[in-house]
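> how would this look folded up:
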Amino acid sequence: MSRIRLYRTEGIVLRARDFQETDRLLSVFTRRLGKISAIVKGVKRPQSKLAGGTQPFCHSSFQFAEGRNLDVVTQCVPHNAFYGLRQDLDKMAHASYLAELADGLTEERSPNPRLFDLLVSALGAVEGTEHPDLVARVFELRILSLSGYGPELNRCARCGKPLPQTASEAWFSHVLGGAICSACRSDAPAARRITGGTLSAARTLSKAWPDRIPALRLTPTQAAELENCLRASLEYRLERKIRSARFLHDFAPS
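Residues are numbered from 1 along each chain as shown. Okay, the predicted model is just below:
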């Protein structure tokens, strides 16, 4: 009889859905092994010791047993359950959005420790901030860069010409992957006009980290333009709409 192989790793629960009567299926993004699909057996029973660390967004240490089709969570010790994310609908919507991006831009068993650290930092930043939208913008810029699709913000994404650091307006093409010069805008697919302040804000936020965001006050126009440009870039790379994005505005404070 072959011996069941156990392994341990640190991870974040990206998705969880009920399965059968007492079980739950998880997508866990681990620092060492990448994304893992697993089942938690009996987790919906009142006496289950695995429930606390297997909720969405939980950052935990897991022990898995290799299974024929799905690995099985046999132990779980939470590091940070991020309870504050579940007590605020706007923050929970942003956390769901970050988790969906991480899920969509990672492959099974493909480690990306820098992205793992980024997600941990972003979840903590969303929990502790009054401006989760800025955390989301930094996360979007960073995850695009870590996935190899970082938007070009200093040179024209079509011709490579350096862009002015200050300008009243700019152009952005999510198809070409960044800002474009005025000479190329007619030949740039899906080029959209943005203010120079929006491009400047993108440059500033691209150098930030979720828990170290510089003091930055965006006008409503700049905030909307930056969100729309980055959302279009992400959906273009994912080749689908981001499902959780529609909840962001539904739960945003008025």
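> So what's the residue count around the residue nearest to residue 129 when sequence neighbours are not counted?
Of all residues not flanking residue 129 in the chain, residue 135 sits nearest, at 6.0 Å (C-beta to C-beta, 6 or more residues apart in numbering). Quick note: C-beta positions are derived from backbone N, CA and C, even for glycine. Applying the criterion other C-beta atoms under 10 Å, we find 28 residues in the vicinity of residue 135.
> Break this protein down into its structural domains.
Structurally, the chain divides into domains by automatic domain parsing as follows: 6-81, 84-249.
> got TSV for the ones you listed, with mean pLDDT too?
What follows is the domains of the chain, written out as TSV (pLDDT from 0 to 100):
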stretch	mean pLDDT
domain 6-81	95
domain 84-249	95
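> Let me see the contact set for the residue nearest to residue 129.
Residue 135 sits next to 94, 122, 125, 126, 129, 210, 213 when contact means C-beta atoms under 8 Å, 6 or more residues apart in numbering.
> Which element is encountered next along the chain beyond the helix or strand encompassing the second one?
Under the criterion of DSSP states H and E, residue 122 resides in helix 113-128. From helix 113-128 onward toward the C-terminus, using DSSP H and E, the following helix or strand is helix 132-146.
> May I see the buried residues of the helix or strand following that next one?
Elements were assigned by DSSP H and E; along the chain past helix 132-146, the next helix or strand is strand 169-173. Within strand 169-173, the residues that qualify as buried by neighbour count (16 or more other C-beta atoms under 10 Å) are 170, 171, 172, 173.
> Dump strand 169-173 to PDB, keeping only the CA atoms.
Output of strand 169-173 as PDB, limited to C-alpha atoms (Å, rounded to 0.1, in the frame of the first residue of the first chain):
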ATOM      1  CA  GLU A 169      -3.500  65.600 -22.000                       C
ATOM      2  CA  ALA A 170      -2.300  62.100 -22.900                       C
ATOM      3  CA  TRP A 171      -3.400  59.000 -24.800                       C
ATOM      4  CA  PHE A 172      -3.600  55.400 -23.600                       C
ATOM      5  CA  SER A 173      -4.100  52.200 -25.500                       C
END
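> Sheet partners, orientation included, of it?
Based on DSSP bridges, the strands next to strand 169-173 in the sheet, each with its direction, are strand 178-180 (antiparallel), strand 191-195 (antiparallel).
> any idea how far it is from the chain center?
24 Å (C-alpha atoms, centre = their mean, to the nearest Å).
> which residues touch that strand?
Judged by C-beta under 8 Å, 6+ apart, the contacts made with strand 169-173 from elsewhere in the structure are 151, 157-158, 163, 178-182, 184-185, 188-196, 198-199, 229.
> Much appreciated, bye for now.
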